[in-house]
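[1] Generate a structure from the sequence data that follows.
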Amino acid sequence: MCEENITRIDLDGKEIILIGTAHVSKQSAEEVKEVIEAERPDSVCVELDGQRYQAIVAENQWKSMDIFKVIKEKKATFLLMNLVISSFQKRLAKQFGIKPGQEMIQGIESAKEIDAHLVLADRNIQITFSRIWHGIGLMGKVQLLLQIFFSIFNDEDISEEELEKLKSQDMLNSMLDDFTNSFPKLKIPLIDERDQYLAQKIKEAPGNKIVAVLGAAHIPGIKEEIKKEHDLMALSQVPAKSKAPKIVGWTIPLLILGIIGYTFYTNPSAGINQTMSWVLWNGFLSAIGAAIALGHPFSIITAFVIAPLSSLNPLLAAGWFAGIVEVYIRRPNVEDFEALSEDVFTIKGFWRNKVTRILLVVTLTNLGSTLGTVIGGADVVRLFIRTIWGG
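    Residues are numbered from 1 along each chain as shown. Model prediction:
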């Protein structure tokens with residue numbers, strides 16, 4: 001047992017033992033087993049939420065996934081992000097011969113062996129992503145999606161230096177490390193808030209002796225935050241959506257329609273040029289997104305036809321329609337869901353598996369539509385100014 005990775009805290013009559021683990025270390029899992037067997041705590045806390053816990057204990061969870069529901073509830077991009085993180089972890093597993101989250105799995109198994117109460121101490125990952133998503137703005141969202149998307153292509157081995165860095169990092173933070181450097185405020189929802197949440201859950205765990213299995217990156221923050229009281233309800237709230245994006249979302253389409261309408265009134269031929277520019281930029285770039293995802297030709301055509309219209313209605317998205325068409329034509333079967341956990345391991349697998357390909361069609365079509373709206377809208381304004389200036 002390596003005491004340098006163990007922090008002992010006496011708090012209000014409770015003995016709290018924090019084990020700082022490395023997410024990519026076999027030794028950490030062995031250490032977790034040794035500590036829990038030696039200390040025999042009343043409760044074992046693990047750095048997992050319910051969703052990640054189910055991903056570990058329910059290996060066949062993908063078989064029951066309703067892909068239509070995922071698209072309808074606008075969770076396609078979120079699910080794709082989760083799968084990319086899974087891919088990142090699996091690449092580590094292959095290179096270093098480890099099982100991602102092995103120390104958490106050991107914590108769960110050891111808690112059962114000594115009949116200790118198991119506490120899932122981390123905040124729901126979807127809430128964390130929602131709070132991150134809320135704080136980065138439109139361009140930040142596009143940048144984050146692109147960074148996550150292109151990380152699929154990064155199949156280079158990790159150096160020894162990078163491995164040592166990963167051993168002291170939170171797994172989620174290691175995925176978003178470069179992005180966090182661009183957006184320093186993201187440290188608040190990604191690390192600081194989770195330190196507060198974890199600290200509160202640990203000290204509220206049943207019993208007088210608590211063992212907590214945590215990524216080493218969280219230990220310093222939790223040592224400080226555990227002395228304070230934190231409102232778990234407040235930390236679990238999804239930020240209220242600002243009215244500004246909704247106002248802008250409706251203002252821009254109305255402005256585009258107004259400009260085109262006025263141009264038609266003053267110069268019909270210029271109005272036709274504006275309309276063609278809007279349709280072609282939106283349709284073409286959305287279709288390119290669907291094509292990059294290797295969508296079915298009908299999905300690509302759907303993206304092209306729908307994007308110019310959906311871009312004028314903030315309640316609609318071309319990717320949803322293209323994704324639904326993809327589902328109807330290439331409906332995933334049981335084998336696709338069974339193979340999902342392995343297919344996300346490779347670039348080829350992401351595009352070959354019907355489930356991930358649908359998610360890629362939705363996400364990349366929407367990205368293309370967003371880009372088409374920006375370029376097409378700018379061209380509409382350009383033609384309008386040229387018409388007025390020329391008039």
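
[2] Next, work out how far apart D12 and K201 are.
    Note on D12: its distance to K201, by C-beta to C-beta, to the nearest Å, is 15 Å. Just so you know, the C-beta spots here come from the backbone N, C-alpha and C atoms, and that holds for glycine as well.

[3] Name the residue in those two with the higher neighbour count.
    Neighbour count, other C-beta atoms under 10 Å: between D12 and K201, K201 has more, with 19 against 7.

[4] and the more buried one, what element?
    Using DSSP states H and E, K201 falls within helix 193-203.

[5] And the next helix or strand past that helix?
    Going down the chain from helix 193-203, the next helix or strand is strand 209-215, by DSSP H and E.

[6] Could you list the buried residues of that next one?
    Within strand 209-215, the residues scored as buried using 16 or more other C-beta atoms under 10 Å are 210-215.

[7] Tell me the secondary structure at L48.
    coil (DSSP: H, G, I helix; E, B strand; the rest coil).

[8] Counting neighbours, what do you get for it?
    The local packing of L48 (other C-beta under 10 Å) involves 23 other residues.

[9] Can you report how many residues neighbour L11?
    Around L11 sit 12 other residues, with neighbours defined as other C-beta under 10 Å.

[10] So which residues of the protein form strands?
    For the chain, the strands identified by DSSP state E occupy 6-11, 14-21, 43-46, 117-120, 209-215, in order along the chain.

[11] Walk me through which strands the fourth one pairs with, and which way each runs.
    Looking at strand 117-120 with DSSP bridges, its paired strands and their directions are strand 43-46 (parallel).

[12] so for the partner strand, what's the average pLDDT?
    What strand 43-46 shows for mean pLDDT is 96.

[13] likewise stretch 290-300?
    The average pLDDT for stretch 290-300 rounds to 95.

[14] Report the buried residues of it.
    290-296, 299-300.

[15] Can you give me the buried ones in the helix ranked longest in the chain?
    Assignment by DSSP state H gives helix 354-390 as the longest helix of the chain. Judged by neighbour count (16+ other C-beta under 10 Å), helix 354-390 contains these buried residues: 354-377, 379-380, 383-384, 387.

[16] about what we covered before: who does the helix holding K201 touch, helix- and strand-wise?
    When contacts are defined as 3 or more C-beta pairs under 8 Å, 6 or more residues apart in numbering; DSSP states H and E, helix 193-203 packs onto strand 14-21, strand 43-46, helix 125-134, strand 209-215, helix 219-225, helix 232-235.

[17] Which one, of these, ends up nearest to A76?
    The closest approach between A76 and any of the helices and strands packed on helix 193-203, judged by C-beta to C-beta, belongs to helix 125-134 at 13.3 Å.

[18] now the stretch 51-200 of the chain, which segments are flagged as low pLDDT?
    Residue ranges of the stretch 51-200 of the chain with pLDDT under 70: 58-66, 77-78, 81-100, 137-138, 142, 144-184.

[19] Helices of that one, start to end?
    In the stretch 51-200 of the chain, the segments counted as helices under DSSP state H, counting those that start in this stretch are 67-72, 76-96, 102-113, 125-134, 137-151, 160-167, 171-175, 177-182, 187, 193-203.

[20] returning to that earlier point: export the strands of the chain to CSV and tack on distance to I329?
    Below are these laid out as CSV (distance: least, C-beta to C-beta, whole Å):
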stretch, distance to I329
strand 6-11, 55
strand 14-21, 45
strand 43-46, 42
strand 117-120, 39
strand 209-215, 42
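
[21] With respect to P239, which of the ones you listed lies nearest?
    When those are compared by C-beta to C-beta, strand 117-120 sits nearest P239, at 22.8 Å.

[22] Send me the closest one as PDB with only the CA atoms.
    Extracted in PDB, the C-alpha atoms of strand 117-120 (Å, rounded to 0.1, in the frame of the first residue of the first chain):
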ATOM      1  CA  HIS A 117     -22.500   0.900   0.800                       C
ATOM      2  CA  LEU A 118     -21.600   2.000  -2.700                       C
ATOM      3  CA  VAL A 119     -21.900   5.700  -3.400                       C
ATOM      4  CA  LEU A 120     -21.800   7.100  -7.000                       C
END
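
[23] which of the residues in that strand are buried?
    Using 16+ other C-beta under 10 Å as the burial criterion, the residues of strand 117-120 that qualify are 118-120.

[24] can you check stretch 16-36 too?
    Of the residues in stretch 16-36, those buried under the neighbour-count criterion (16+ other C-beta under 10 Å) are 16-25, 28-29, 31-33, 35-36.

[25] what's the span of it from first residue to last?
    Counting by C-alpha to C-alpha, to the nearest Å, you get 12 Å between the two ends of stretch 16-36.

[26] Do I have it right that G368 meets L285?
    Yes - at 4.1 Å, G368 counts as touching L285 under the criterion of C-beta atoms under 8 Å.

[27] list residues touching both of these two?
    Each of A307 lies in contact with both G368 and L285 under the rule C-beta atoms under 8 Å, 6 or more residues apart in numbering.

[28] and this protein, what are its domains?
    Taking automatic domain parsing as the domain assignment, the ranges for the chain are 3-235, 243-386.

[29] can you give me the offset of stretch 288-298 from its chain's centre?
    Here stretch 288-298 shows a centroid-to-chain-centroid distance of 22 Å under the convention C-alpha atoms, centre = their mean, to the nearest Å.

[30] Same question for stretch 337-351.
    Averaged C-alpha coordinates place stretch 337-351 at 17 Å from its chain's average position (C-alpha atoms, centre = their mean).

[31] Distance across it, terminal residue to terminal residue?
    Across its full length, stretch 337-351 reaches 14 Å end to end, with C-alpha to C-alpha as the criterion.

[32] Many thanks, I have nothing further to ask.
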